[in-house]
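Undergrad: 3D, please:
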Amino acid sequence: MTVPTISERFEQCRARQRCALIPFLTAGDPDLETTVAALKALDAHGADMIELGMPYSDPLADGPVIQAAATRALQRGTRLEAVLEMTTDLHRQLGAPLILFTYYNPIYHRGVSSFLKAVAQAGIKGLVIPDLPLEEAEPVLAQTANLGLELTLLIAPTTSTERMQAIATASQGFIYLVSTTGVTGMRQEMATRVQELLHTLRQITPKPIGVGFGIASPEHARQVRDWGADAAIVGSAFVKRLAEPDQGVAAVTEFCQSLRAALDRP
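TA: The predicted model follows:
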């Protein structure tokens with residue numbers, strides 16, 4: 001199976017007038033075998049791309065659900081090499097391209113070139129590095145294209161219009177619009193400012209825009225779709241379900257189906 005790039009998948013979704021669904025899982029929580037089963041389930045039940053979080057000891061952008069999942073994964077011994085070995089074996093079995101969500105310290109520690117080559121060889125198609133600001137992203141951006149990788153940059157509600165322009169120009173694959181100031185996590189309702197931010201970004205760039213941080217229900221996903229997002233990115237709600245004893249994969253599957261149905265409803 002030939003796995004598309006992130007840009008190619010967005011082009012496919014736009015051609016079908018389909019709002020993409022991008023679930024997020026923490027690799028290794030509760031274990032890598034369950035991660036594999038959940039990735040296959042998401043791929044089979046409506047995910048267009050999948051974010052895979054590399055567990056990290058100081059996940060500054062993540063709320064309590066994903067922080068706890070990362071801690072459990074690290075305690076079980078989940079490390080980068082094991083995660084990349086897993087994706088190397090798995091990615092050709094998936095139709096959805098994988099996006100690695102990782103903080104910059106592991107990249108710096110290994111060396112940018114070495115890290116990017118290892119990630120590309122493992123079948124990863126995209127990168128999200130939440131603590132990498134635009135001003136320091138060039139060493140990564142300069143190498144991704146030759147490796148078949150795309151680095152997606154984040155825009156926050158506090159980002160100025162001028163800075164939005166610069167980030168949108170540099171971002172690869174799509175633009176990650178953070179729906180609210182703060183960390184990831186499930187919220188009762190979507191911030192209405194997202195609609196205004198989407199409108200502003202549409203005037204700046206034709207690139208696809210994914211909305212994340214806080215989408216916790218099918219209703220939230222439909223809301224960001226109706227506001228004009230090209231993708232709904234859903235993290236903590238999936239991570240919480242996968243942690244349920246004995247029924248995690250089934251719970252993830254059911255939730256993915258409900259999100260897909262909501263996004264596809266006229």
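
Undergrad: hmm, who's touching the strand ranked longest in the chain?
TA: Across the chain, the strand with the greatest residue count (assigned by DSSP state E) is strand 20-26. Applying CB atoms under 8 Å, 6 or more residues apart in numbering, the contact partners of strand 20-26 are 9-10, 13, 35, 38-39, 42, 46-53, 55, 66, 69-70, 73, 99, 101, 208, 210, 212, 221, 230-235, 238-239, 242, 252, 256, 259-260, 263. Backbone N, C-alpha and C define where each C-beta goes, glycine included.

Undergrad: Kindly recompute the last result at 6 Å.
TA: With contacts defined as CB atoms under 6 Å, 6 or more residues apart in numbering, strand 20-26 is touched by 13, 38, 42, 46-51, 53, 55, 69-70, 73, 231-235, 238-239, 259-260, 263.

Undergrad: now stretch 75-89
TA: Stretch 75-89 is contacted from outside by A27, G28, L32, P55, L98, A118, A122, G123, using CB under 6 Å, 6+ apart.

Undergrad: between the residues you listed, which is nearest L151?
TA: Nearest to L151 out of the contacts of stretch 75-89 is L98 (CB to CB; 14.0 Å).

Undergrad: List the contacts of that closest one.
TA: L98 is in contact with I50, L52, T87, H91, I124, counting by CB under 6 Å, 6+ apart.

Undergrad: Who does it form a beta bridge with?
TA: Taking DSSP bridges as the rule, L98 bridges to I50.

Undergrad: quick one on the thing from earlier: list just the nearest of the contacts of L98 to P130.
TA: Closest to P130, out of all of the contacts of L98 and judged by CB to CB, is L52, at 14.0 Å.

Undergrad: Surely that closest one is in a helix?
TA: No - read with DSSP: H, G, I helix; E, B strand; the rest coil, L52 is strand and lies in no helix.

Undergrad: right, and it touches A27 too?
TA: Yes - with contact defined as CB atoms under 6 Å, L52 and A27 form a contacting pair (5.3 Å).
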